[in-house]
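Student: What shape does this take:
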Amino acid sequence: MKVLHLISGGDTGGAKTHVFALMNALVNKIDVKIVCFMKGVFYDELQSMPVQSELIEQKSRMDMSVCDRLIEIINEGYQVIHCHGARANFIAGALRKRGVKLPFVTTIHSDYLLDFDGFYKKLVYTTLNVNALKKFDYYIAVSSNFKDMLISRGFRPNSVYTVYNGMDYSKPLEYCADKKEFAKRVGIEYDPECVYIGLIGRHDYVKGHDVFINAAKLVSDKCPNARFVIAGDGDGRAELVKQCEALGISDKVTFCGFIKDIYSFINFIDINTLTSRCESFPYVLMEGARLKKATVSSRVGGIPDLILDGECGLLFEKENYTELSQKLISLVSDKALAQKYGENLYVRATTNFSNEKLACDHVDIYNSIIKDHADSRKYDVSLSGYYGFNNCGDDALLHAIINDLREQKPDIRINVFSASPKRTMREYAVDSSFRFNFCGLSKALKNTKMLINGGGSLIQDATSSRSLRYYTHVIKKAKSLGCKVFVYANGIGPVSDKNVKLAGEAISLCDGITLRESASLTELSRLGIPRDAATVTADPAITLRGCSQKRAAELVRNIGIVDGRKFVAVSVRDWPKNDPSLFASLAAVLDETSEKYDVDILFVPMKMPDDLKTSQKVVSLMKCKAFVCENDLPYDELIGIISQSYLMIGMRLHTLIFSVGAAIPTVGIIYDPKIDGFLDYVDVKYRLDAEKFDGKKLSDYIAEIMVNYDGIKEDITKNLEKITIKAKESAKIAVDLLSAE
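Tutor: Reported below is the predicted structural model:
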């Protein structure tokens with residue numbers, strides 16, 4: 001594999017460190033060359049590295065005559081052109097105009113809207129860079145946060161890859177180990193009794209030096225032995241000096257200027273900080289980690305991926321200098337804690353963020369780019385389902401399917417037919433097409449290898465014949481355009497007699513079928529499909545896990561339930577065929593349960609705002625105080641809340657799936673055969689008919705569960721292990737079908 005890298009050659013800071021780390025490791029794996037367009041420290045240092053390099057000097061930023069030599073190099077057999085920075089991005093655009101057909105990829109090292117300071121630079125260079133970026137085929141973001149940023153700005157999710165900065169931790173370090181000597185060098189009178197807090201970075205607004213200095217004032221008031229040292233330079237230094245004077249801390253803050261041997265600075269300080277308003281995945285934190293320095297950083301970019309708050313460092317909200325000061329005071333006051341964080345950060349950084357992993361990730365990305373660029377169909381799969389309607393259950397289902405598919409095939413290219421494509425792209429990092437734009441769907445299917453129908457209950461007309469006609473149309477259209485079709489963990493039926501032929505014809509076209517429960521086999525036979533054409537697996541959402549217990553407990557507390565209180569979770573929905581007395585009877589049983597067993601009642605709406613209104617209706621019929629989760633929460637937080645409950649009483653299928661997945665004893669209220677089928681499949685016997693609701697029966701069920709609670713919970717846990725394994729099978733079968741000739 002041959003990859004050509006383009007970069008200005010005047011780069012400093014994190015981008016320079018990233019490229020050098022990448023080149024040092026990449027040169028041992030592929031044929032790589034790097035071209036610079038200006039002389040500077042970057043190019044000079046590059047000459048001592050074991051990588052091919054060339055300087056094609058521009059007379060000015062707009063000098064595109066460099067393209068002549070670049071095209072000569074490209075014609076030597078290069079397969080990918082990889083750009084770094086605004087200058088290289090602009091030149092890439094000129095190369096494309098000159099007829100270069102290779103795939104172009106650029107690394108997003110920072111927020112490109114903040115790269116240039118000053119009105120005129122921002123107006124000219126930022127505008128040029130934004131326009132150049134839009135023309136690239138592929139992007140590499142140096143943190144998951146930056147990937148999210150690109151997607152939110154309209155870049156196609158399948159074209160954005162993520163890597164994390166890496167370092168060669170085995171390379172010997174050379175630095176001044178004598179703190180007193182280094183202090184003398186930068187004009188500090190060293191005092192071993194003082195705690196030195198450091199900040200590294202150019203003096204730009206985005207780096208948050210003003211935040212650091214404001215925090216320094218508050219720390220100084222509490223900790224007289226604290227001292228503050230800043231490495232770096234820039235146009236903003238004069239203002240920062242004035243800020244120190246105004247706060248009366250000039251004697252405690254030292255501006256060291258540019259430090260070439262940065263490890264000498266890091267060795268000198270006791271606490272490393274980063275106060276940026278925006279970052280990707282800064283090397284300064286890994287450099288600090290290498291010397292086991294306790295670290296306090298703003299919670300921006302990909303930093304939380306490296307620093308786990310409270311485990312291997314501390315995080316604060318950007319610009320919140322009060323919070324920063326509190327975190328610093330805690331470390332100045334507790335040297336043992338600071339040492340612990342430094343040790344833990346070293347272990348995490350060396351384990352997960354090496355330059356070897358950085359290079360391997362890039363090789364995988366290049367292979368994926370080459371394959372995608374040559375492929376006439378840009379999507380491996382398009383997903384058709386009830387997506388984009390703000391239904392937590394279906395959102396969770398989509399997450400589960402995507403996660404399971406990526407587990408089987410990490411580079412799978414996914415498109416989703418959604419009612420809210422922009423939201424789907426942001427939340428799932430997949431491409432998305434508007435499900436009601438049939439011209440757009442046809443275009444997407446022409447670019448798709450396999451249509452996945454599901455999950456959920458799509459082949460049914462209990463809700464309406466219109467939805468059944470929609471899904472069968474998509475299946476037939478996909479087949480006519482040469483796609484394979486796979487029914488993924490579906491619940492089949494009920495289908496009325498008038499629509500049996502329509503549904504059967506569509507399902508008969510499918511190349512593979514998995515069902516989420518055994519009951520669907522009967523309905524499948526009724527549609528004229530042999531039972532042995534399908535494999536029974538399980539609903540993918542059963543594999544999902546909730547947020548952390550700490551976060552779940554916080555959510556429950558914020559709703560109003562006291563820590564440690566047992567509560568019963570309840571999920572209700574309106575349904576035309578509900579027993580007229582259902583909600584009143586349910587309210588009475590919940591009142592009785594709350595009083596008899598000393599538990600709270602918490603309503604957990606799944607589909608907003610519909611279920612919220614229904615929940616409030618039931619609460620209004622109750623005598624005891626009940627709680628309602630009124631916020632529109634993501635699925636992992638809903639699962640987290642349900643996992644904290646003592647018992648679940650639910651109508652919505654996915655609340656039952658979430659509760660069983662969390663091993664919570666469950667009572668189902670059946671409004672649709674799919675509820676009955678699921679409860680049968682997971683061996684939950686407690687259920688009631690929504691059309692003929694029996695409050696006495698519910699009360700008896702609750703009493704039985706309370707008496708036999710531990711045994712019931714143990715049985716669910718044992719059964720869950722088998723179901724989880726089966727739930728993963730759908731993805732494996734789908735990927736095998738996709739790969740088959």
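Student: Which strand runs longest in the chain?
Tutor: strand 448-456 (DSSP state E).
Student: Given that strand, what are its sheet partners and their directions?
Tutor: Paired with strand 448-456 in the same sheet, following DSSP bridges, are strand 379-384 (parallel), strand 484-490 (parallel).
Student: Identify the residues contacting that strand?
Tutor: 377, 379-386, 394, 397, 400-401, 415, 445, 459, 471, 474-475, 478, 481, 483-491, 510-511, 516, 539-541, 730, 734, 737-738 (CB atoms under 8 Å, 6 or more residues apart in numbering). All C-beta spots, glycine's among them, are computed from the backbone N, C-alpha and C.
Student: Show me what counts as buried in the following helix or strand past it.
Tutor: Remark: after strand 448-456, the chain's next helix or strand is helix 465-480, criterion DSSP states H and E. Buried residues in helix 465-480, counted by 16 or more other CB atoms under 10 Å: 467, 468, 470, 471, 472, 474, 475, 477, 478, 479.
Student: which residues does the residue nearest to residue 222 when sequence neighbours are not counted contact?
Tutor: Excluding the flanking residues, the one nearest residue 222 by CB to CB, 6 or more residues apart in numbering is residue 329, at 5.3 Å. By CB under 8 Å, 6+ apart, residue 329 lies in contact with 218, 219, 222, 223.
Student: Could you dump the strands paired with strand 448-456 into JSON lines and include mean neighbour count and mean pLDDT?
Tutor: Formatted as JSON lines, these follow (neighbours: other CB atoms under 10 Å; pLDDT from 0 to 100):
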{"stretch": "strand 379-384", "mean neighbour count": "26", "mean pLDDT": "98"}
{"stretch": "strand 484-490", "mean neighbour count": "26", "mean pLDDT": "97"}
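Student: can you pull the contacts of the nearest residue to residue 506 once chain neighbours are set aside?
Tutor: Leaving aside its sequence neighbours, residue 506 sits nearest to residue 472 (CB to CB, 6+ apart; 3.8 Å). Shown in contact with residue 472 (CB under 8 Å, 6+ apart): 459, 502, 503, 505, 506.
Student: What strand or helix carries the last one?
Tutor: Using DSSP H and E, the secondary-structure element containing residue 506 is helix 500-508.
Student: and that helix with helix 465-480, angle?
Tutor: Helix 500-508 and helix 465-480 are oriented at 40 degrees to each other (axes from the mean of the first three to the mean of the last three CA atoms, to 10 degrees).
Student: What are the contacting residues of helix 500-508?
Tutor: 459, 468-469, 471-472, 475-476, 487, 492, 495, 513, 524, 526-529.
Student: Dead centre of this structure: give me the residue that sits there.
Tutor: residue 144 (6.4 Å; CA atoms, centre = their mean).
Student: Is it correct that that residue is in contact with residue 304?
Tutor: No - shown here, residue 144 and residue 304 do not form a contact pair, counting by CB atoms under 8 Å, at 9.3 Å.
Student: ok, the buried residues of helix 465-480 vs residue 74, which is closest?
Tutor: Closest to residue 74 out of those is residue 478 (38.3 Å), distances taken as CB to CB.
Student: Identify the residues contacting the closest one.
Tutor: Contacts of residue 478 (CB under 8 Å, 6+ apart): 382, 445, 448, 451, 485.
Student: residue contacts, residue 646?
Tutor: 566, 567, 568, 599, 664, 665.
Student: so the second one makes contact with residue 601?
Tutor: Yes - with contact defined as CB under 8 Å, residue 567 and residue 601 form a contacting pair (6.7 Å).
Student: and for these two, which residues touch both?
Tutor: residue 627.
Student: Now do the same for residue 311: helix, strand or coil?
Tutor: coil (DSSP: H, G, I helix; E, B strand; the rest coil).
Student: For it, give me its contacts.
Tutor: By CB under 8 Å, 6+ apart, the neighbours of residue 311 are 341, 344.
Student: circling back: quick one: the contacts of residue 472 as JSON lines, columns for neighbour count too.
Tutor: Converted to JSON lines, the contacts of residue 472 look like this (neighbours: other CB atoms under 10 Å):
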{"residue": "459", "neighbour count": "29"}
{"residue": "502", "neighbour count": "19"}
{"residue": "503", "neighbour count": "28"}
{"residue": "505", "neighbour count": "14"}
{"residue": "506", "neighbour count": "23"}
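Student: for those, which one is nearest residue 579?
Tutor: Nearest member of the contacts of residue 472 to residue 579, counting by CB to CB, is residue 459, at 27.5 Å.
Student: circling back to that earlier point, export only the CA atoms of the next helix or strand after the helix holding residue 506, formatted as PDB.
Tutor: Going down the chain from helix 500-508, the next helix or strand is strand 512-515, by DSSP H and E. What follows is strand 512-515, C-alpha atoms only, in PDB (Å, rounded to 0.1, in the frame of the first residue of the first chain):
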ATOM      1  CA  GLY A 512     -32.800 -14.800   5.200                       C
ATOM      2  CA  ILE A 513     -35.200 -14.500   8.200                       C
ATOM      3  CA  THR A 514     -34.700 -14.400  11.900                       C
ATOM      4  CA  LEU A 515     -37.500 -14.000  14.400                       C
END
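Student: centre of the chain versus strand 512-515, how much separation?
Tutor: Distance of strand 512-515 from the chain centroid (CA atoms, centre = their mean, to the nearest Å) equals 29 Å.
Student: Packing partners of it?
Tutor: Using 3 or more CB pairs under 8 Å, 6 or more residues apart in numbering; DSSP states H and E, the elements in contact with strand 512-515 are strand 484-490, helix 519-526, strand 534-536, helix 709-739.
Student: Adding distance to residue 639 as columns, could you present the contacts of residue 478 in JSON lines?
Tutor: What follows is the contacts of residue 478, written out as JSON lines (distance: CB to CB, whole Å):
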{"residue": "382", "distance to residue 639": "27"}
{"residue": "445", "distance to residue 639": "33"}
{"residue": "448", "distance to residue 639": "31"}
{"residue": "451", "distance to residue 639": "29"}
{"residue": "485", "distance to residue 639": "31"}
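Student: domains of this structure?
Tutor: Listed by automatic domain parsing, the domain ranges of the chain are 2-162, 179-353, 376-536, 549-724.
Student: Perfect, I'm done here.
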